[in-house]
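Asker: Give me coordinates for this.
(2 chains)
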Number of protein chains: 2
Amino acid sequence: MTMPVLELQKIVGVEHVLINDSDKDYASLDRSNGLLKSLPLLVVRVFSQTELIDCVRLCLSRKNPLLIRAAGTGKSGGAIASPTTIVIDVTGLNRIISIDTDNLLAVVEPGVILAHLKNAAMHQGLFYPPDPASQDYCTIGGNVAENAAGPSTIKYGTTRDYLLGGTAIIGTGEMIDFGKQTPKGVCGFDIASLLCGSEGTLAVFTKLTLRLLPYPKSIAACIVYFNDEESALYAVNYLQNRGHRPKTLEYIDAICLKALEKHSKTTLATAQSALMIECDAGFDDGARQEIDAILHTLTPLSPTSYTKATTKAELKKLWHERSLLSEACTHYMGYKLSEDIAVPLGKLVMLMRAVKEMSKPPHLMVGLFGHAGDGNLHVQIMFDKAELAAAAQELCHELLIVVVRLGGTIAAEHGIGLKKKAYLPLEQSATLIDVQKRIKKAFDPHNLLNPGKIFDV
Amino acid sequence: MTMPVLELQKIVGVEHVLINDSDKDYASLDRSNGLLKSLPLLVVRVFSQTELIDCVRLCLSRKNPLLIRAAGTGKSGGAIASPTTIVIDVTGLNRIISIDTDNLLAVVEPGVILAHLKNAAMHQGLFYPPDPASQDYCTIGGNVAENAAGPSTIKYGTTRDYLLGGTAIIGTGEMIDFGKQTPKGVCGFDIASLLCGSEGTLAVFTKLTLRLLPYPKSIAACIVYFNDEESALYAVNYLQNRGHRPKTLEYIDAICLKALEKHSKTTLATAQSALMIECDAGFDDGARQEIDAILHTLTPLSPTSYTKATTKAELKKLWHERSLLSEACTHYMGYKLSEDIAVPLGKLVMLMRAVKEMSKPPHLMVGLFGHAGDGNLHVQIMFDKAELAAAAQELCHELLIVVVRLGGTIAAEHGIGLKKKAYLPLEQSATLIDVQKRIKKAFDPHNLLNPGKIFDV
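Answerer: Numbers count the residues shown, from 1 in each chain, chains lettered A, B, ... in the order given. Sure, this is the predicted structure:
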């Protein structure tokens, strides 16, 4: 294997083939823990679908492993390449080809930034729901590769629910037009759902067709506080057993509330736990009425207080506070590891108890916040000395074991990538993993597409 | 290959291995057009997961093709076996193992009747949305195999959106526990979504875990009439571009309204077209308010009249009329073929025009009704003489070509099965079909699970 530098330069121009370590450095990391840093063989920047297709086919024909990268905001190393892998940077492939109000579809290139798509749809009265915290800089291609989600999954699902179809190159170099243009369709196997969340290991997307929904007529939210840590988690289940289906049910525990107070001089109340609840509706004032109904239903759980957000400014402020949580936890004790897991809704309280028992106060503390409505919590393992990193890592390990024991998943919305590859057999049987390896082979017989992610073949 | 009759009898008892043609006859048909009738090699009735597993493994070890059958309500021949295939009847495998209010899950055996599950969930305040017309007799196993849907897909998605995971036997005889127990989860490839809609060609389900939602606090509906056939279709797009997201948007054209009037002495108004709109909400009176808001939004489209349904009795009556439509069309002219297709929402009017041009009045007429909110229409090709069957069949063929030309799908919710196998290449490229064949091989290397469905390998 020799580096196909000249051929790549012919396709994209000399200036877009990055060979020097300093030029390639930006592609050596994602937003996982920093331990996975690795410089790729080359970085190639493409700016058109044709350039992308030509570069991918060149790499495949030379049997050179390749990885598609855009914003690099993943949290599990999915976008980090091995030293023999060519990274193709698609951030320049960022056209919104259409916001199609007739058919309620968006057609986009993989490098489109999520917030750009969400805004373009909103300006046409349409709604693209997936809402990961990184929405201002992450891209649709990465969202589809990782099946990105966020707070609104409880009502609106994940990226998979919006990926209708698209065009992709598989590991043989062949192009496929997969999927459909309608919410319904059962023509053959569901290739779109299979590719979504496959972390770039099955195909390279050149164009994606996404479903758009009506933009809701009204949005309202509230944050409800409790004087113990468990009530807010209990409320998740309680509300859903009483007919309420909010758009978000975001949990914040006592430590995370404190971290946020310290970090942002927050206006949130000091409490033992909080639940952020947002609703939307297809008619004016519907969302506010639903929030009021929810607050009424919660009365028997004795919340200590609540704040409503019904204006745009109030909503923006509330979600801004929420968006600072991860950063606040990073700074609270100086060091932090975090894990993205989910457990069945009824097991949230058990998980909290188990994880709190693992903490070693005052030097190693565990905080919990996240999308509790989906059973999905982002566990924050905070510590005050660098030497405690190994203990924190050991706690992560124990945590994943507990999660699986509770019937949960080790990866709720951040993927397996490199970071959790070793833990895959904790959750899945050898047979199930073997089936996936055979599927990988069906798409990529020579193991050239993002090799070494999720599992080794 | 010899028939493993004795071994099967040992597993399930002599009385549950059906060998005689008359005994096997019930398994020779589904609810497609009757032309696909075929008697299987044997029918075996199982009543426990152990019996199912043992029978499947016996067939696989003997390299005998097998097909799992329950209610046989499919419409594309997916449940019709070849003369060398053993049918395993799982209607006796019908336990609802749990309606789990803590975790908002249902765990069921594949032979559970959909309505039983829906009712059991409802009695616990929970909601299982998929609502095919056959819900009173179709089973969950078949629903999952075909990715069954219905009117509520526009808001609530298809069966795939509720299949979280389960246990299955693949073609090697190995068992897999696939999926998760939470709405979120990105641990490896999405095997649940892949198996859902694979028409029994990849795995045999022994147990299924389904997501349950909160049962809505309020439900309301209306039927809106228009004095031309296109306005109701135009309204589908119009409403969704104006912030409304109803649970159903069901279209009925003039001929279908007439057929219904004749068949059921309907109380629906005579009109050129109608749209049945249902809404639900998470608080009392929310649904009624949303229906009122929708009626207000529709004013510029000049509906001729409307009827609201807000009480349980009114809702039941409205949906009862809707449920008679297919039967009404069967009787209207004496003979009928029907096709299940979908086109992008903005192409519904073009599809209607194209299909109406294909009709040959007064002996061969085309009616349209169905889940227009998903772009999904059930095209009714009605004719008054048996000799016109070939012309009707030719019209179906032309229709599928037009559907694909409009960017639609030849199978919206009834599967490919045997009926549309020949049309698969109309919609999908040879490369995409090859990929699916390789996926089939990854699960079922000897082609023993429901062979010959969707495509030949």
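
Asker: How about the residues of the stretch 251-400 of chain A by chain B?
Answerer: By Cβ under 8 Å from any Cβ of the partner chain, the residues of the stretch 251-400 of chain A that approach chain B are A:279, A:281-284, A:286, A:289-290, A:292-294, A:342-347, A:371, A:373-376. For glycine as for every other residue, the C-beta is placed from the backbone atoms N, C-alpha and C.

Asker: List the ones among those that fall in helices.
Answerer: Among those, DSSP state H puts A:286, A:289-290, A:292-294 in helices.

Asker: which of the residues you listed are buried?
Answerer: Buried residues within those, defined by neighbour count using 16 or more other Cβ atoms under 10 Å in any protein chain shown: A:286, A:289-290, A:293-294.

Asker: Could you give the number of residues near the closest residue in space to A:Met350 that isn't next to it in sequence?
Answerer: Of all residues beyond its chain neighbours, the one nearest A:Met350 is A:Leu406 (6.1 Å), with distances taken as Cβ to Cβ, 6 or more residues apart in numbering or on different chains. By the measure other Cβ atoms under 10 Å in any protein chain shown, the count of residues near A:Leu406 is 19.

Asker: who are the neighbours in contact with A:Leu406?
Answerer: A:343-344, A:347, A:350-351, A:354 (Cβ atoms under 8 Å, 6 or more residues apart in numbering or on different chains).

Asker: Could you rerun that using 10 Å?
Answerer: A:341-344, A:346-348, A:350-351, A:354, A:375, B:181 (Cβ atoms under 10 Å, 6 or more residues apart in numbering or on different chains).

Asker: hang on, the earlier thing: weed out the non-buried ones from the residues of the stretch 251-400 of chain A next to chain B.
Answerer: Buried members of these, scored by 16+ other Cβ under 10 Å, are A:279, A:281-283, A:286, A:289-290, A:293-294, A:342-347, A:371, A:373-376.

Asker: Just to be sure, which of these are found in strands?
Answerer: A:279, A:281, A:342, A:376 (DSSP state E).

Asker: next SSE after the helix or strand harbouring A:Val236?
Answerer: Using DSSP states H and E, A:Val236 sits within helix A:231-240. Proceeding N to C from helix A:231-240, the next assigned helix or strand is strand A:248-253, under DSSP H and E.

Asker: Let's see that following strand as PDB, backbone CA atoms only.
Answerer: Only the C-alpha atoms of strand A:248-253 are listed here, as PDB (Å, rounded to 0.1, in the frame of the first residue of the first chain):
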ATOM      1  CA  THR A 248     -38.700  16.500  27.100                       C
ATOM      2  CA  LEU A 249     -38.200  15.200  30.600                       C
ATOM      3  CA  GLU A 250     -34.700  16.300  31.600                       C
ATOM      4  CA  TYR A 251     -33.400  15.300  35.000                       C
ATOM      5  CA  ILE A 252     -30.800  17.200  37.000                       C
ATOM      6  CA  ASP A 253     -29.500  15.900  40.400                       C
END
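
Asker: Kindly calculate the angle that whichever helix or strand comes after it makes with strand A:248-253.
Answerer: Following strand A:248-253 in sequence order, the next helix or strand is helix A:254-264 (DSSP H and E). Going by axes from the mean of the first three to the mean of the last three Cα atoms, to 10 degrees, helix A:254-264 is angled at 90 degrees with respect to strand A:248-253.

Asker: got the buried residues for helix A:254-264?
Answerer: A:254-261, A:263-264.

Asker: Do you know the pLDDT at the residue in the stretch 51-200 of chain A positioned nearest to chain B?
Answerer: Nearest residue of the stretch 51-200 of chain A to chain B (Cβ to the nearest Cβ) works out as A:Asp102 at 2.9 Å. Note on A:Asp102: pLDDT of 97.

Asker: What of the one 4 residues further on?
Answerer: At A:Ala106, the model reports a pLDDT of 98.

Asker: What's the first helix or strand after the helix or strand hosting it?
Answerer: Per DSSP H and E, A:Ala106 falls inside strand A:105-108. Next along the chain after strand A:105-108, taking DSSP H and E as the criterion, comes helix A:114-122.
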